[in-house]
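K.L.:
sequence first, then the predicted structure:
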Number of protein chains: 2
Amino acid sequence: MKSLPELSDLIHQSVNKLQFPVSPKGLYDPIRYMLSLGGKRMRPVLTLMACDAFNGDVERAISPALGLEVFHNFTLLHDDIMDNAPLRRSKPTVHEKWNSNIAILAGDAMFVQSCQLVMDTHSSVVKEVMEVFTKTALEVCEGQQYDMDFESMNEVSIEEYIDMIRLKTAVLLGASLKIGALIGNADSEAASHLYDFGVNLGIAFQLQDDILDVYGDASFFGKQVGGDILANKKTYLLITALNKANGEIKEELAGWINSNDKTELKVNSVTAIYDKLSVRQIAESKMHTLYNDALQHLNAIPIAEDRKQPLKDLADSLMNRKN
Amino acid sequence: MKSLPELSDLIHQSVNKLQFPVSPKGLYDPIRYMLSLGGKRMRPVLTLMACDAFNGDVERAISPALGLEVFHNFTLLHDDIMDNAPLRRSKPTVHEKWNSNIAILAGDAMFVQSCQLVMDTHSSVVKEVMEVFTKTALEVCEGQQYDMDFESMNEVSIEEYIDMIRLKTAVLLGASLKIGALIGNADSEAASHLYDFGVNLGIAFQLQDDILDVYGDASFFGKQVGGDILANKKTYLLITALNKANGEIKEELAGWINSNDKTELKVNSVTAIYDKLSVRQIAESKMHTLYNDALQHLNAIPIAEDRKQPLKDLADSLMNRKN
C-alpha cells in the first residue's frame, strides 16, 4: 500500500509529464500554462488512494486520475472567464494573458482531453467509469449555473446553497474516489459509500472555505481575508446571518450589503455581526456533522482499517487546514 | 434497408424527443433553444446510414447519432461567441438572446451530453466509438484554432487551408460514418474506408460552400452572396486568386482586400478578378477530385452495391446542392 506522500508525488510527476501536441500553439500553449499553475492535485490523489484502498493496480488509475485533474482545470478556466477573474494562483488567468476566445477553446479542448484520459483504463470498467464521469461533469455545470443564478437572487436558502456547493464542488471529489474504486474492482456498494464519503467531505470542505475567508489567518490563507464579505457573496455564513438577524442587527447587515464600502471597516463590522449571531459556531457545527457523515460512509466499507487510513488522514488534514 | 428519407425522418423525430432536465433553466433553456433552430441533421443521418449499410441494428445507433448532432450544435454555439455572430439560422444566437456566460456554460453542458449520448450503445464497441469521437472532437477544436489564426495571418497556403477545413468540418462527417459503421459491426478496414469517404466528401462540401458564397443563386443560398468577399475571408477562392494573380490584377485584388468597401461594387469587382483567373474552375476541379476520391473509398468497401446506394445518393445531393 502506498502512503499519501507517495501517491501525491506520483501524481505531481505524472501531471508534469503530460504531453500535448506542439501545434496549433494558440490551442495548446494555454493548456500547458493552465496546468503549470500548480495546485494540490487533490482529485487525482483521491482517485489513486481509492484504487489502492481496494488493493487495485494504481498504475491503471493514473490516466483517469489525470483526466479528473484536467477536467477540474477546464472548469476553473471557463469559470475564470465567467467571473472575469484577473488572477489564478497569483498568475494572470488564460483569458487575461491571451483572450476570451482562446480561453473558451482551450477549455473545450481540455474537456475533450479529460475524457480521453478518464477512459484510458481497462475495458471492463470503461463504460461505468465514463458514466460516473459524465454524470458528474453535467452536475458541475449545473452547480456553476446555480452559483451564477444566486448572484442576482434576493434570497437563497441554506438548502439551495448546500445543493449548489454539492454540485459545483463536492460531486467531483466523490466521483474521483468512486472512479478509483471502480478501477480497483470495488463492488458497487463499496464504491457508492466511497462516493458519499467524498461528497460529504467536499461540502464540509467548502464550508471550511467560507469560514476561512472570514476567520482565516491572513498569513496562511493566501488571499485577502474578508473577500467574500466585500463581494457580498452569498456564503453559508451570510445566508445564516440573514436568516438569524432581527431588528437593529438585520438593518445594520442590510446596510452593509447595500453599501459600496470596500474597506476593512465593512469586513470588521460584518464579522462583528456574524459573531453576535454565532454564525461561525453554526457553520462549524454543520461542517462537523458533514465530516462525521463522511466518516460513517468510510466506516461502512468492508475493508481492513489500515487500508482506509490514508483516506482518513487526508480528510483530517482537509478539516484542520489553515488555507 | 431504410431509405434516406426514412432515416432522415427518424432523426428529426428523435431530435425533437430529446429530453433535458427542467432545472436550472438558465442552463437547459439555451440548449433546448439551440437544438430547436433546426438544420439538415446531416451528421446523425450519416451515422444511421453507415450502420444500416452494414446491416446493423439502426436502433442502437440512434443515441450516438443524436450525440453527434448535439456535439455539432455545441461547436456552433461556442463558435458563434468567438465570431461574435448575431444570428444563427435567422434567429438570435444564444449569447445574443442570453449572454456570453450562459452560452459558454450551455455549450459545456451540451458537450457533456453529447458524450453521454455517443456512449449509449452496446458495451462491446463503446471504447472504440468513444476513441473515434474524442479524437475527432479534439481535431475540431484544432480546426477552429487554425481558422482563428488564419484571420490575422498575411499568407495562408492552399495546403494549410485544406487542412483547416479537414479538421474543422470534414473529420466530423467521417467520424459520424465511422461510428455508425462500428455500431453496425463493420470490420476496421471497412470502417476506415467509410471514414475517408466522409472526410473527402466533407472537404469537397466546404469547397462547394466557398464557391456558392460567390457564385450561388441568392434566391436559393439563404445568405448574402459575396459575404466572404466583403469579410476578406481567406477561402479556397481568395487563396487561389492570391497565388495566381500577377502585376495589375494582383494590385487590384490587394486594393480591394485593403478597402473597407461593404458594397456590391467590391463583390462584383473581386468576382470579376476570380473570373479572369479561372478561380471557380480550379475550385470546382479540386472539388470533383475530392468527390471522386470519396467515391473510390466507398467502392473499396466489400458490401453489396445496393447497400451503398443511399450514401451515394446523399453524396450526389450534397455535390449538386444550391444552398
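P.N.:
Looks like it came in fine. Numbering: from 1, shown residues only, chains lettered A, B, ... in the order given.
K.L.:
for the rest of this, base every contact and every neighbour count on C-alpha atoms.
P.N.:
Fine.
K.L.:
burial of the closest residue to chain B within the stretch 201-323 of chain A, as a residue count?
P.N.:
Nearest residue of the stretch 201-323 of chain A to chain B: residue A:234, at 18.0 Å (CA to the nearest CA). Counted by other CA atoms under 10 Å in any protein chain shown, the residues lying close to residue A:234 total 23.
K.L.:
and it, that's in a helix?
P.N.:
No: Residue A:234 is assigned coil when assessed by DSSP: H, G, I helix; E, B strand; the rest coil, not a helix.
K.L.:
gap between it and residue A:167?
P.N.:
16 Å (CA to CA, to the nearest Å).
K.L.:
residue contacts, the residue of the stretch 201-323 of chain A closest to chain B?
P.N.:
A:150-151, A:156, A:228 (CA atoms under 8 Å, 6 or more residues apart in numbering or on different chains).
K.L.:
which residues touch stretch A:85-98?
P.N.:
Against stretch A:85-98 from outside (CA under 8 Å, 6+ apart): A:30, A:33-34, A:37-38, A:77, A:80-81, A:100-103.
K.L.:
quick one: residue A:56 from chain B, how far?
P.N.:
Distance, residue A:56 to chain B, using CA to the nearest CA, to the nearest Å: 21 Å.
K.L.:
nearest spatial neighbour of that residue, skipping sequence neighbours?
P.N.:
Leaving aside its chain neighbours, residue A:56 sits nearest to residue A:184 (3.8 Å; criterion: CA to CA, 6 or more residues apart in numbering or on different chains).
K.L.:
and that neighbour, what does it touch?
P.N.:
Residue A:184 is in contact with A:50-58, counting by CA under 8 Å, 6+ apart.
K.L.:
buried ones in the strand or helix carrying residue A:194?
P.N.:
Using DSSP states H and E, residue A:194 falls within helix A:188-215. Under the neighbour-count criterion of 16 or more other CA atoms under 10 Å in any protein chain shown, helix A:188-215 has A:190-215 buried.
K.L.:
please apply the same query to stretch A:253-272.
P.N.:
Across stretch A:253-272, burial judged by 16+ other CA under 10 Å covers A:253, A:256-257, A:266-267, A:270-271.
K.L.:
likewise stretch A:50-62?
P.N.:
A:50-56, A:58, A:60-62.
K.L.:
then stretch A:144-156?
P.N.:
So, applying 16+ other CA under 10 Å, buried residues of stretch A:144-156: A:144-148, A:150, A:156.
K.L.:
what about the strands in chain A?
P.N.:
A:87-88, A:91-92 (DSSP state E).
K.L.:
quick one: the ones you listed as CSV, columns for mean pLDDT and mean neighbour count too.
P.N.:
Converted to CSV, these look like this (pLDDT from 0 to 100; neighbours: other CA atoms under 10 Å in any protein chain shown):
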stretch, mean pLDDT, mean neighbour count
strand A:87-88, 94, 14
strand A:91-92, 96, 14
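K.L.:
how about those in JSON lines, adding distance to residue B:309?
P.N.:
Output for these, formatted as JSON lines (distance: least, CA to CA, whole Å):
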{"stretch": "strand A:87-88", "distance to residue B:309": "55"}
{"stretch": "strand A:91-92", "distance to residue B:309": "55"}
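K.L.:
how about the residues of the stretch 1-150 of chain A by chain B?
P.N.:
With CA under 8 Å from any CA of the partner chain as the criterion, the stretch 1-150 of chain A meets chain B at residues A:24, A:26-27, A:78, A:81-82, A:101, A:104-105, A:108-109, A:112-113, A:115-116, A:119, A:123, A:126-127, A:131, A:134, A:137-138, A:141-142, A:145-146, A:149.
K.L.:
which among the residues you listed count as buried?
P.N.:
Among those, the ones that count as buried by 16+ other CA under 10 Å are A:26-27, A:78, A:81-82, A:101, A:104-105, A:108-109, A:112-113, A:115-116, A:119, A:126-127, A:131, A:134, A:137-138, A:141-142, A:145-146.
K.L.:
all helices of the stretch 101-250 of chain A, in order?
P.N.:
A:123-151, A:158-165, A:171-183, A:188-215, A:218-221, A:227-230, A:236-244, A:247-258 (DSSP state H, counting those that start in this stretch).
K.L.:
quickly, which of the ones you listed bottoms out on average pLDDT?
P.N.:
When mean pLDDT is averaged over each of those, helix A:218-221 scores lowest at a mean of 65.
K.L.:
where's residue A:247 relative to residue A:268, distance?
P.N.:
20 Å.
K.L.:
what of residue A:51?
P.N.:
45 Å.
K.L.:
also residue A:46?
P.N.:
Distance, residue A:46 to residue A:268, using CA to CA: 37 Å.
K.L.:
next: residue A:175.
P.N.:
Distance from residue A:175 to residue A:268, by CA to CA: 38 Å.
K.L.:
and for residue A:197?
P.N.:
35 Å.
K.L.:
now swap in residue A:173 and tell me
P.N.:
Plainly put, residue A:173 is 33 Å away from residue A:268 if you go by CA to CA.
K.L.:
cool, and residue A:257?
P.N.:
For residue A:257, the distance to residue A:268 equals 13 Å [CA to CA].
K.L.:
now swap in residue A:62 and tell me
P.N.:
From residue A:62 to residue A:268 the distance is 46 Å (CA to CA).
K.L.:
next, residue A:40: phi, psi?
P.N.:
Taking degrees, to the nearest 10, you get phi -80, psi -20 for the backbone angles of residue A:40.
K.L.:
just give the nearest non-adjacent residue to the residue sitting nearest the centre point of chain A, would you?
P.N.:
By CA atoms, centre = their mean, chain A has its centre lying nearest to residue A:169, at 4.1 Å. Leaving aside its sequence neighbours, residue A:169 sits nearest to residue A:202 (CA to CA, 6+ apart; 6.5 Å).
K.L.:
ok, that neighbour touching residue A:166?
P.N.:
Yes: between residue A:202 and residue A:166 a contact is recorded at 7.2 Å, counting by CA atoms under 8 Å.
K.L.:
what's the burial count for residue A:36?
P.N.:
11.
K.L.:
in contact with it, which residues?
P.N.:
residue A:16 are the contacts of residue A:36 under CA under 8 Å, 6+ apart.
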